[in-house]
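In: generate coordinates for the sequence data below:
(one chain, ligands or ions: 3)
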Amino acid sequence: MEPTKNKKKVQPKQKNGGNKKSPLSLFSGKVPKGGQFFSNLVTAVLIFLIISTVYSMVVGGKDKVEEVAISTIAQSIVKEEVKSITVEGDVITAEYVDGSKKTSKKEVEASLSQTLVNYGVSPEKLALVAVEVKNESGFGYWFLNLLPFILPVLLIIVFFLFLSRQVKGSGMQAFSFGQSKARIIDPNDAGQKVTFKDVAGAKEAKEELVEIVDFLRSPQKFLDIGARIPKGVLLMGAPGTGKTLLARAVAGEANVPFFHLSGSEFVEMFVGVGASRVRDLFKMAKKAAPAIIFVDEIDAVGRVRGGGVGGGNDEREQTLNQILVEMDGFEPTEKVIVMAATNRPDVLDPALLRPGRFDRRVTLELPDREGREEILKIHAVKKPLAEDVNLKIIAERTPGFSGADLYSLMNEGAILAAREGRKTVAQFDFIRAIEKVMLGPERKSHILSKEEKKVTAYHEAGHALVASVLPHADPVHKISIIARGHAGGYTLKLPLEETRLQSKKEFLDDIAMSLGGYVAEESVFGDVTTGPSNDLQVSTALARDMVTKYGMSDKLGPIALEGNGGRALFGGRGVDSRDYSEDVSAKIDAEVSKIMNDAFARAREVCTTHRKALDSIADELIAKESIEREDFENLLILNGIKPKRKEVVEK
Ligand code: ADP
Ligand code: MG
Ligand code: ZN
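Out: Ligands and ions are numbered 1, 2, ... in the order given. Have a look, this model is predicted:
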């Protein structure tokens, strides 16, 4: 189908830069940009109106008094009609006995009594009138006199202020581009403070970092003895292993300010901005020293330079160069430590890693069982747990989970409990959360037809059966044909023991297990669906890695033909990193296909010899939709297969 591009083109929402930054505007809020200026204008006019009304009330109050000639007042005094007279500068106000008021002007130099006498008022008559002279230099006097001049000027200033704010909101942003966008965490901010206590597991990493903390706490001790201070610490580890968390914990432990910036934030629209941001950041940190600068995801700027495929790398390189220059420019007494984090240490420019730069390297591993339990405990602190909760079991069931996964697991568990209106989180919630974090949410709306359900059941039963029969595959933990995330069904397996190394035999059984679904579909229905396509991709990739990376092929022998990741790094070491001949390439393909075919044959053998077991697992799945470990093992025993179990059962 032809994509209807024009129709669907969504107008990008107008960025409303002006609104945020004008606290003065009465109309700030959801007024669109054009209306903003107009509304400010209206505000200005309103203010003007209000001020002028007030002014005219103050000043105009006086105008109501009738102004007369001074001789008139003099005559009134002679007639004894005047009660009192107030003199303000050259203005005199006479209050009459009947309560009315009249005002007049006198000459500035002459005194009032003299003037009145000149107009024929006798001193006796004058003595009957109370005369009050008001200080003409009082603030009010000057203010009232100057107001007509000041007011327009004030209004013009206010008007231009509005205008300039308007400009700042949109255009002036250009001037702040070069500034560092670092977030600063103040050591005295208890709410944001993270310490080593908040980081579970990662013992070795913490031990490495204690030294850095020591230095930041008492730098003089190290300087006195002539020790060179570490400049850069690089935290490496899979996503979610707590790199960012640990960096913050170092700052928290050392009680120093923490300047946090992500690699990608250096690089924005304009060339040269990255470098100037780096300068700005280092300047700020030096002022606050001792301090930590933390560049998160440094691989965004720190990739191998010079790869320039397709251009657009200049900015990144300049930024990286500037970081290097700044780090070299540190005086030994500068007391600023640069920390950085990455999950791709393999793509970093070697210049970053040489001594004097990021020469301290700390690797964070995925947590082991104990580590996971500790992380779970940390995140359980604020959650009311039911009595049946056993975090140890959760930790056992979550090999390969990172700290971030575990955090999300605890959160999902709490959400499930809250949704069902319970006040505490139960073990059952966490168990369900494991699958949710691993595979995505259940898709209950995904209703299978009877035929589809049967195919899915046999597919999963095939995986589970092969895994149970082959000696080096991990035992099955749960089977389900409830769709989750992208998967139509799933078979969970759990290793008996967590190991860091995997053997060739394990890989081969793994591949056979992946093909179990394909084999079951084919042997039962004589046809295959698109269901196993992901299984095929994963297992083929594994077979290829066995040949090209791990030297596990008999024909090609112990040789690594491909570097990290199995794929060439675009813009890294060149587009094509294959440095072997066509001949070898053909051999690799042949070996991969041999591994796959062998695995296929073994899976098929399992499914034919244990066809009865396959049928009963599939039937059970169709009936119940998911089978837990115990029921599954009972099914196996009924069909004469010995389930894999831990020899020592812990109580
Ligand atoms: P990374 O930067 O390595 O991708 P983060 O430091 O951002 O990972 O971790 C994400 C979240 O996972 C943290 O905020 C924390 O809640 C949790 N987490 C990760 N590792 C740990 C750990 N060792 N102890 C406690 N929590 C952790
Ligand atoms: Mg991070
Ligand atoms: Zn499958």
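In: list the residues that contact the nearest residue to S480 once chain neighbours are set aside.
Out: Nearest residue to S480 in three dimensions, chain neighbours excluded: S626, at 3.6 Å (Cβ to Cβ, 6 or more residues apart in numbering). To be clear about C-beta, it is placed using only N, CA and C from the backbone, and glycine gets the same treatment. Shown in contact with S626 (Cβ atoms under 8 Å, 6 or more residues apart in numbering): 478-482.
In: and if we set it to 7 Å?
Out: 478-480, 482 (Cβ atoms under 7 Å, 6 or more residues apart in numbering).
In: which residue packs closest to the closest residue to ligand 1 within the stretch 201-350 of the chain, ignoring adjacent ones?
Out: As assessed by Cβ to the nearest ligand atom, ligand 1 sits closest to G242 within the stretch 201-350 of the chain, at 2.7 Å. Once flanking residues are discounted, G242 sits nearest to G403: 4.5 Å by Cβ to Cβ, 6+ apart.
In: show me the residues around that neighbour that make contact.
Out: Applying Cβ under 7 Å, 6+ apart, the residues contacting G403 are 240-242, 367, 375.
In: equivalent analysis for K335, please.
Out: Contacts of K335 (Cβ under 7 Å, 6+ apart): 219, 289-290.
In: same check, this time on S113
Out: Taking Cβ under 7 Å, 6+ apart, we find S113 in contact with L126.
In: and the host helix or strand of it, what's buried?
Out: Following DSSP states H and E, one finds S113 within helix 112-118. For helix 112-118, the neighbour count (16 or more other Cβ atoms under 10 Å) marks 112, 115-116 as buried.
In: P152: which of these is nearest?
Out: Relative to P152, the closest of these is L112; by Cβ to Cβ it sits at 34.7 Å.
In: thought that closest one was touching G89?
Out: No - with contact defined as Cβ atoms under 7 Å, L112 does not reach G89; the gap is 11.3 Å.
In: so how many other residues sit close to L49?
Out: 10 (other Cβ atoms under 10 Å).
In: element containing it, please.
Out: Using DSSP H and E, L49 falls in helix 33-63.
In: so for that helix, mean pLDDT?
Out: The average of the pLDDT scores along helix 33-63 is 67.
In: how is this structure carved up into domains?
Out: Domain assignment for the chain, taken from automatic domain parsing, gives 31-60+140-175, 66-136, 183-362, 369-439, 450-648.
In: weakest of the ones you listed by average pLDDT?
Out: Ranked by mean pLDDT, those end with domain 31-60+140-175 in last place, scoring a mean of 70.
In: R303 contacts R344, doesn't it?
Out: No - shown here, R303 and R344 do not form a contact pair, counting by Cβ under 7 Å, at 8.4 Å.
In: pick out whichever of these two has more residues nearby.
Out: R303 (23 against 17).
In: hey, what's the more buried one bridged with?
Out: R303 forms beta bridges with L348, as assigned by DSSP bridges.
In: check contacts around it.
Out: 316, 347-349, 572.
In: near ligand 1, which residues of the stretch 351-500 of the chain?
Out: 375, 378, 403-404, 407 (Cβ under 6 Å from any ligand atom).
In: in helices, which of these appear?
Out: In helices, judged by DSSP state H, the following of those are found: 375, 378, 403-404, 407.
In: tell me the one of these nearest ligand 1?
Out: Checking these one by one against ligand 1 (Cβ to the nearest ligand atom), the nearest turns out to be G403, at 2.1 Å.
In: and that closest one, how far from A205?
Out: Shown here: G403 relative to A205, a distance of 12 Å by Cβ to Cβ, to the nearest Å.
In: so L235: helix, strand or coil?
Out: Assigned with DSSP: H, G, I helix; E, B strand; the rest coil, L235 falls in the strand class.
In: go ahead and confirm it touches K243.
Out: Yes - the criterion here is Cβ under 7 Å, and L235 meets it with K243 at 4.3 Å.
In: A351: what's it in contact with?
Out: L324.
In: quick check: which element contains whichever residue of the stretch 451-600 of the chain sits closest to ligand 1?
Out: Using Cβ to the nearest ligand atom, the closest approach of the stretch 451-600 of the chain to ligand 1 is made by E498 at 16.7 Å. Of the helices and strands defined by DSSP H and E, none includes E498.
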